[in-house]
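Enquirer: Got a sequence here, can you build the structure:
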Amino acid sequence: MKLIPVVMCGGSGTRLWPLSRKNHPKQFAPLFDKDGEDTLFRRTMDRVARLESQRSIVVCNRAHRFFVAGGLHERERRACTILVEPHQRGTAPAATLAALEARREFGDALLLIMPSDHAIASPEVFASAVDAAAQSARENCIVMFGIKPARAETDYGYIRTAPGTAAGTHNVAVKVVEFCEKPDQATAAAWIARGDCYWNSGIFLLKASVYLDAIAQFEPGIGRACEQALEKRYDDLGFIHVEADSFAECRDISIDYAVMERADNLLLLPADMGWNDLGGWHALAGAFAADAHDNRIRGDAICKDATGNIIYAQDRLVGVLGVDDCIVVDTPDAVLVAAGKHAPDIKHLVADLRDQQRPEADEPRKVLRPWGYYESVNQGDNFQVKRIVVSPGQGLSLQLHHHRSEHWVVVKGKARVTKGDDVFTLTENESTYIPAKTRHRLENVYDEPVFLIEVQCGDYLGEDDIERFDDRYGRAGEA
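Expert: Residues are numbered from 1 along each chain as shown. Modelled structure (predicted):
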């Protein structure tokens, strides 16, 4: 029976704001390096490469599909099915899509369902645990991978095992007695005090048929909606898009609530694999070395008379003086300063920003696109300046703007420009002007990236002021 890793790429990006945002969530964000090459998604796919599998399935939101494709090596891309959700509906519908796709392609298969945004320090232990769990999964059990709890954490699920098995034998699955998803503080402390529980890592191994049977029993509406959505699927640029109206009928629910808390065929396999869900700033800071005063620093920062702080300096020097237990995060367009005890409330701050319609809530200054990226440099009344980089062989859509004109200056490389009926090449230190309501396109047909400065002028400069006529990435009609 084939092993199919299923990588879930959901998430809203609020708990690690401003580094992680809705349109650039933590699995794709530059948590470990400024350039964003070493991402949690990339590390997840590296773990997948250690497994004995010929095919993987990635489930992602439509807005993140090009992050996924860009994070895959060429060989991985050929061996990966990318299922695109038109709406976010939780991990239970996402896993249902993957199980249905696995059944369609293989009849049945072992699904290794895992998040794309968790850190695992010992991938070799992870691979060994998967091998050990496979036989139990073949025998129609659902195997959960458990982590010995270090504290009474309310953001994790808890799993209680049968009496006498709490110590657990490495790579031996034991019977699950009770599953509790995200208890309150008192309940979590009581569970830990008993000494018979584990954290739920969010990683599950089970047959596709076992999962689909559970969905049919517990959440039949999800099963029917996902079947209909996949029946009306369409392929575009190697992505499999499921039909939006059918998928919208799915209940928004996690796999934990939908299946794990209800199933009676659960086994737990203890796995000491250095797991961390990086669910907030304290969790992420655990990956940073502490100084003599327990300050955890990433980037260029200096502390004086300060203790127990978390400091993430992305672009410039950050100085911290005379404060304790604070979170200080500096990014190019937003700075967070928070008392450590209020870390769980960062999501409420982000909600306030959304209420104020601040773009910083959901979008970073550097915005990745399938053709490259753009970065806002400066803006004011009726103008905005952007730095644009177009990758070799890529190009923007044929488009026009109703409310703004644009001035383009090439500072490095060469660009092919379509302006109205004219097509011409711009080289370094050359420029052009694109009036409002003029169809235009920017392309890089050369072997090196092209770097431009764009100056926008107009009474409205929002990203939704765009009308696409032709787009190689299937975005015609999108804002």
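Enquirer: which intervals of this structure have sub-threshold pLDDT?
Expert: Applying pLDDT under 70 to the chain picks out residues 33-36, 164-170, 476-479.
Enquirer: How about the contacts made by the residue nearest to residue 21 when sequence neighbours are not counted?
Expert: The shortest distance from residue 21 to any non-neighbouring residue, by C-beta to C-beta, 6 or more residues apart in numbering, is to residue 13 (4.6 Å). Bear in mind the C-beta positions are built from the backbone N, C-alpha and C, glycine included. By C-beta atoms under 8 Å, 6 or more residues apart in numbering, the residues touching residue 13 are 20-26, 29, 362.
Enquirer: could these be laid out in JSON lines, adding distance to residue 387?
Expert: Below are the contacts of residue 13 laid out as JSON lines (distance: C-beta to C-beta, whole Å):
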{"residue": "20", "distance to residue 387": "22"}
{"residue": "21", "distance to residue 387": "19"}
{"residue": "22", "distance to residue 387": "23"}
{"residue": "23", "distance to residue 387": "18"}
{"residue": "24", "distance to residue 387": "17"}
{"residue": "25", "distance to residue 387": "23"}
{"residue": "26", "distance to residue 387": "24"}
{"residue": "29", "distance to residue 387": "19"}
{"residue": "362", "distance to residue 387": "20"}
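Enquirer: mind listing the helices for the stretch 51-200 of the chain?
Expert: 65-70, 74-78, 91-106, 123-138, 185-194 (DSSP state H, counting those that start in this stretch).
Enquirer: returning to what we had before: okay if I get the contacts of residue 13 as a markdown table plus distance to residue 53 and secondary structure?
Expert: As requested, the contacts of residue 13 are arranged in a markdown table below (distance: C-beta to C-beta, whole Å; DSSP: H, G, I helix; E, B strand; the rest coil):
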| residue | distance to residue 53 | secondary structure |
| --- | --- | --- |
| 20 | 28 | coil |
| 21 | 32 | strand |
| 22 | 31 | coil |
| 23 | 30 | coil |
| 24 | 28 | strand |
| 25 | 25 | coil |
| 26 | 25 | coil |
| 29 | 26 | coil |
| 362 | 34 | coil |
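Enquirer: Looking at these, spot the one nearest residue 173.
Expert: Nearest to residue 173 among those, counting by C-beta to C-beta, is residue 26 at 29.9 Å.
Enquirer: ranking the helices of the stretch 51-200 of the chain by burial, who's on top?
Expert: Among the helices of the stretch 51-200 of the chain, ranked by average contacts under mean count of other C-beta atoms under 10 Å, first place goes to helix 91-106 (a mean of 23).
Enquirer: That helix packs against which elements?
Expert: Judged by 3 or more C-beta pairs under 8 Å, 6 or more residues apart in numbering; DSSP states H and E, helix 91-106 is in contact with strand 3-9, strand 56-61, strand 80-85, strand 110-115, helix 208-218, helix 220-231, helix 255.
Enquirer: any chance of these in JSON lines, plus distance to residue 124 and mean neighbour count?
Expert: Below are the helices and strands packed on helix 91-106 laid out as JSON lines (distance: least, C-beta to C-beta, whole Å; neighbours: other C-beta atoms under 10 Å):
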{"stretch": "strand 3-9", "distance to residue 124": "16", "mean neighbour count": "24"}
{"stretch": "strand 56-61", "distance to residue 124": "19", "mean neighbour count": "25"}
{"stretch": "strand 80-85", "distance to residue 124": "22", "mean neighbour count": "21"}
{"stretch": "strand 110-115", "distance to residue 124": "16", "mean neighbour count": "24"}
{"stretch": "helix 208-218", "distance to residue 124": "26", "mean neighbour count": "20"}
{"stretch": "helix 220-231", "distance to residue 124": "34", "mean neighbour count": "19"}
{"stretch": "helix 255", "distance to residue 124": "26", "mean neighbour count": "24"}
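Enquirer: I'd like the ones you listed written out as JSON lines, with distance to residue 440 added.
Expert: Shown next, in JSON lines, are the helices and strands packed on helix 91-106 (distance: least, C-beta to C-beta, whole Å):
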{"stretch": "strand 3-9", "distance to residue 440": "33"}
{"stretch": "strand 56-61", "distance to residue 440": "29"}
{"stretch": "strand 80-85", "distance to residue 440": "28"}
{"stretch": "strand 110-115", "distance to residue 440": "41"}
{"stretch": "helix 208-218", "distance to residue 440": "47"}
{"stretch": "helix 220-231", "distance to residue 440": "36"}
{"stretch": "helix 255", "distance to residue 440": "45"}
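Enquirer: Mind checking the ones you listed for the one nearest to residue 279?
Expert: strand 110-115 (10.3 Å).
Enquirer: now that closest one against helix 91-106, angle please.
Expert: Taking axes from the mean of the first three to the mean of the last three C-alpha atoms, to 10 degrees, one finds strand 110-115 and helix 91-106 inclined to each other by 150 degrees.
Enquirer: could you check the angle strand 3-9 makes with strand 110-115?
Expert: Here strand 110-115 runs at 20 degrees with respect to strand 3-9, directions being taken by the same axes, to 10 degrees.
Enquirer: Can you tell me what sits against strand 110-115?
Expert: Here strand 110-115 makes contact (C-beta under 8 Å, 6+ apart) with 1-8, 27, 44, 51, 53, 95, 98-99, 102, 130, 134, 137-138, 202-208, 211, 255, 277.
Enquirer: ok, now stretch 354-361?
Expert: Stretch 354-361 has contacts (C-beta under 8 Å, 6+ apart) with 17-18, 21-22, 333-334, 350, 353, 362.
Enquirer: And that stretch, what's buried?
Expert: Residues of stretch 354-361 classed as buried: 359-361 (neighbour count, 16 or more other C-beta atoms under 10 Å).
Enquirer: Could you write out the alpha-carbon coordinates of it in CSV?
Expert: Taking Å, rounded to 0.1, in the frame of the first residue of the first chain, the C-alpha atoms of stretch 354-361 are listed here in CSV:
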residue,chain,number,x,y,z
ARG,A,354,-8.5,44.9,9.7
ASP,A,355,-11.4,46.9,11.1
GLN,A,356,-9.4,50.1,10.2
GLN,A,357,-8.8,48.6,6.7
ARG,A,358,-5.0,48.8,7.2
PRO,A,359,-3.2,46.8,4.5
GLU,A,360,-0.5,45.9,7.0
ALA,A,361,-2.9,43.5,8.7
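Enquirer: Where do the strands of the stretch 151-300 of the chain begin and end?
Expert: Along the stretch 151-300 of the chain, counting by DSSP state E, counting those that start in this stretch, strands occupy 157-161, 174-181, 197-207, 234-236, 239-241, 266-270, 275-276, 296-304.
Enquirer: who does the fourth one pair up with?
Expert: What it means is strand 234-236. Strands that pair with strand 234-236, judged by DSSP bridges, come out as strand 239-241 (antiparallel).
Enquirer: next one: the third one
Expert: Strand 197-207 has the following sheet partners, assigned by DSSP bridges: strand 110-115 (antiparallel), strand 142-147 (antiparallel), strand 157-161 (antiparallel).
Enquirer: which residues touch the second one?
Expert: Strand 142-147 is contacted from outside by 129, 133, 136-137, 159, 161, 168, 173, 176, 198-201, 203-206, 210-211, 214, 259-260, 263, 265-273, 275, using C-beta under 8 Å, 6+ apart.
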